[in-house]
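>>> Below: sequence and its predicted model.
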Amino acid sequence: MAAENRSEAVYVNPCRFMTDSIEDPDYLYVHNLICSILNCLFILPGIFGNVLVILAVWKTPSLQTSSNVLLLSLAASDLAVGSLAQPSFSAWRISQIAGNLKVHCVAGVMSESFGWLLAGVSLFTITAISCERFLAVHLHLRYHDIVTRRGIAKVVSSFWLIWIIITVLRFFVVSRKILRIIAVNFLVITSAIMFMAYIMIYKLVRRHQIQIRQQCFSRSPGDNSKSIDMVRYKRSTITMLYILGFFLFCYFPFLVVMLVEVAIGETLQTKAAYLYTVTSIFINSALNPLIYCWRMMEIRVAILKIFNFSNINLIEPEKRFIIAKKPPSVELQTIQPSLISDNPGVHDSNEFINFTDSQRSG
């Protein structure tokens, strides 16, 4: 019986604020090493990429829209993951390998705090992005009157406040088991909200497309801009779907681990799985800027301009396509003679033709 009690004592975390977290340095040695290396590899790319996204939105007035306030909040939480959560998580696991109890305890509290706070804020922000996309197509012309940057900024601030309170309570009032239950409920509820939002978006977009086709024979000058807006909206919504899909792909394993721990309690096996799922969530924060640059031309152009690539064509893809289909305008026809006159060879040939004409008339 005494030997059994000693073996159980090995698995109890000696840190004051984390006594409900099971640890075994020998069993978790390889898992600690792999997760630490993965997190260290993605720290700098995460910081660099999200700083560029924040600077791009900050320095480009056209990007400072209501929807991009949410994108800015997501980039800010991702930046904090790279600069705070991942370093403390890596220090937490490496210090256990090294046997440094003091660093292990401090880094563990920091990792748990930053991890839960930033993951919760990101989850709420992704949900808010889904709702904002639905409101954009549902409200249509009233969208800019109802959904304002100040209103969205208040919503984002409430997200941070809610998760700061939950994180603080985790170490003084809320046990780890209750925190798991809260996390599971939040993940299920927000996933359901996101799923329903995009189903309604799909139905509304389909209805708008049918209306546009019906009006194609009686199109007014303003209808062309409406079709351009719909193309732009569809592209931005698909971009958010990519972000959402990748987000859920990284968060779903974490949800499964939380469900298992709620059902059977924490074991060394679930602890190892927890380390890998947290690592996947942190890696998600480092890869989000790649999705922004891949799918959002405005962000990509703004980032290139930060590096002084000023000769960038700012025409959006859908507008460029429409412009290319138009016949040459009067402005282009008036520009062409000046372009010809700027060419010395052509200018001389024009003078020769005029001279021969005057000789014939003479």
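Perfect, thanks for sending it.
>>> for this structure, what are the low-confidence residue spans?
Applying pLDDT under 70 to the chain flags the ranges 1-14, 16-22, 173-174, 209, 212-236, 309-362.
>>> Mind telling me what element the residue most central in space within it is part of?
To find the centre residue of the chain, average its C-alpha atoms and take the closest one (C-alpha atoms, centre = their mean): that gives N288, at 4.8 Å. The secondary structure element spanning N288 is helix 268-295 (assigned by DSSP states H and E).
>>> Give the other helices and strands that that helix contacts.
Contact partners of helix 268-295 among helices and strands, from 3 or more C-beta pairs under 8 Å, 6 or more residues apart in numbering; DSSP states H and E: helix 29-59, helix 66-80, helix 86-98, helix 101-139, helix 221-264, helix 297-306. C-beta coordinates here come from the backbone N, C-alpha and C atoms, glycine included.
>>> returning to that earlier point: state the distance from the residue nearest to the centre of the chain to A136.
In this view, N288 and A136 are 21 Å apart by C-beta to C-beta, to the nearest Å.
>>> before we move on, what about I162?
Computed as C-beta to C-beta, the I162 to A136 distance reads 24 Å.
>>> Mind checking which of those two has more residues around it?
A direct count of neighbours by other C-beta atoms under 10 Å for I162 and A136 places A136 higher, at 20 against 15.
>>> Next one: the residue lying closest to the more buried one once chain neighbours are set aside from S66, what distance?
Nearest-residue entry for A136: Y143, 5.3 Å, with adjacent residues in sequence omitted and distances by C-beta to C-beta, 6 or more residues apart in numbering. Distance check for Y143 against S66: by C-beta to C-beta, it reads 8 Å.
>>> These two: which is more packed in?
Between Y143 and S66, S66 has the larger neighbour count (other C-beta under 10 Å), namely 19 against 16.
>>> Can you give me every residue that contacts the more buried one?
Shown in contact with S66 (C-beta atoms under 8 Å, 6 or more residues apart in numbering): 132, 144, 147-149, 151-152.
>>> Give the PyMOL command for selecting the buried subset of these.
Selection command for PyMOL covering only the buried members of those, criterion 16 or more other C-beta atoms under 10 Å:
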select buried, resi 132+147+152
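>>> Closest to R300 out of the contacts of S66?
Distances from those to R300 were compared by C-beta to C-beta; the smallest belongs to E132, at 21.4 Å.
>>> need the contact list for the closest one.
E132 is in contact with 66-67, 70, 147, 152, counting by C-beta under 8 Å, 6+ apart.
>>> Was I right to think M194 contacts G245?
No: shown here, M194 and G245 do not form a contact pair, counting by C-beta atoms under 8 Å, at 10.2 Å.
>>> Next one: N32 from I303, what distance?
In terms of C-beta to C-beta, N32 sits 35 Å off from I303.
>>> ditto for S36
The gap separating S36 from I303 is 30 Å, by C-beta to C-beta.
>>> Following the record's annotation, map out the domains of this structure.
Per automatic domain parsing, the domain ranges recorded for the chain read 2-317, 327-361.
>>> Out of the ones you listed, which is the most enclosed?
Using mean count of other C-beta atoms under 10 Å, the stretch among those with the greatest mean number of neighbours is domain 2-317 (a mean of 17).
>>> Pretty sure F124 sits against W160.
No: the pair F124 / W160 is not scored as a contact, 9.0 Å apart, by C-beta under 8 Å.
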